[in-house]
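Engineer: A predicted structure for the sequence below; I have some questions about it.
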2 protein chains.
Amino acid sequence: MPKRPFTRPAPPRPTNAELEILRVLWRRGPCTVRAVHASFERADPIGYTTVLKLLQIMTEKGLVRRDASLRSHVYSAAVSEASTQRRMVADLVKRAFGGSTLRLLLHALATRPATPREVYQIRRLLNHQKNGARA
Amino acid sequence: MPKRPFTRPAPPRPTNAELEILRVLWRRGPCTVRAVHASFERADPIGYTTVLKLLQIMTEKGLVRRDASLRSHVYSAAVSEASTQRRMVADLVKRAFGGSTLRLLLHALATRPATPREVYQIRRLLNHQKNGARA
DNA sequence: ATACTATTACGAAGGCGTTCGTAGCTCAAC
DNA sequence: GTTGAGCTACGAACGCCTTCGTAATAGTAT
């Protein structure tokens, strides 16, 4: 078998390093390895080839896309921030809240009491949803 | 140095296997290895000694406590479900939502539109919090 | 053309999580 | 006392994640 004809489904939760790289790509758009490496800010600095290797692996996993037409390959995120967040939240809900998103919500609200501004925003969202909510 | 004088702080997110075991202990209370193993329901069954090993490791990590006074040791959860959920949510917020719990909330609300009953519960919580909310 | 530099590719090491086989111990039954 | 069943302890294997060193390659400047 050759490489892989179709893109693998994205894993439920990217690893730490993968997330850090995705964050850079989401924020700055398509980047060379050097650019990604440069905009990495860490307690312990990370090697250039480490970033390269990660990007290569992430390409295989379908997390990023590579444009190899230039000498310095240009990488871009192949998964959106929103969809990644969705997957990660879904994973957390499944693993820690028995599949109940509501429980996650209540938990988050209870542990981190909202500021008035936050309360306002949540209320606004609830009002909007009231209409379009699917039972 | 001997074993470890004080309990290590619980890790931000228990692993999958650890969570599955904790779930059993939370649900059924203190259990022997055999009991934990018995109440495991999985697509692929898991070996008895695997559960044992996991419980031993979790003891070292401070996730469970062991009562070795009986021949069959009795294990119990050393971390509460609520605190574990708190840690896991905090970890997710940090890793995927740039530290903003609000963003997680809005995201969860947006992706999984609430049922009227859910909306009601959330509103109620918001009302309660309004008073006690720390700015 | 040659030497230097930037980049990619490859491989390997170390750590952690998960799994299980095997050995050794303890208690009870005979 | 000997045997057997059940339990714990230990260690090893395997895979994945992260890290980096080194080799190979392509482009640039002299």
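Structural biologist: Cool, the structure landed. Numbering: from 1, shown residues only, chains lettered A, B, ... in the order given.

Engineer: Phi first, then psi, for residue A:64.
Structural biologist: With angles defined as degrees, to the nearest 10, residue A:64 sits at phi -130, psi 160.

Engineer: and what of residue A:77?
Structural biologist: phi -60, psi 140.

Engineer: how about the nearest residue to it, chain neighbours excluded?
Structural biologist: Taking Cβ to Cβ, 6 or more residues apart in numbering or on different chains, and ignoring the residues beside it in sequence, residue A:77 has residue A:25 as its nearest neighbour in space, at 4.1 Å. To be clear about C-beta, it is placed using only N, CA and C from the backbone, and glycine gets the same treatment.

Engineer: In this model residue A:87 seems to touch residue A:13, though I could be wrong.
Structural biologist: Yes. Residue A:13 is in contact with residue A:87 according to Cβ atoms under 8 Å; the separation is 6.7 Å.

Engineer: Around DNA strand D, which positions in chain A sit nearby?
Structural biologist: Residues of chain A lying near DNA strand D by Cβ under 7 Å from any atom of the strand: A:11, A:15-18, A:44, A:46-47, A:49-50, A:53-54, A:57, A:71.

Engineer: Please pick the buried ones from these.
Structural biologist: For the residues of chain A next to DNA strand D, a burial check counting by 16 or more other Cβ atoms under 10 Å in any protein chain shown picks out A:18, A:54.

Engineer: Using the record's assignment, carve chain A into domains.
Structural biologist: A:16-77, A:99-135 (automatic domain parsing).

Engineer: Looking at these, which is nearest to residue B:117?
Structural biologist: Closest approach to residue B:117 among the domains of chain A is made by domain A:99-135 (8.8 Å; Cβ to Cβ).
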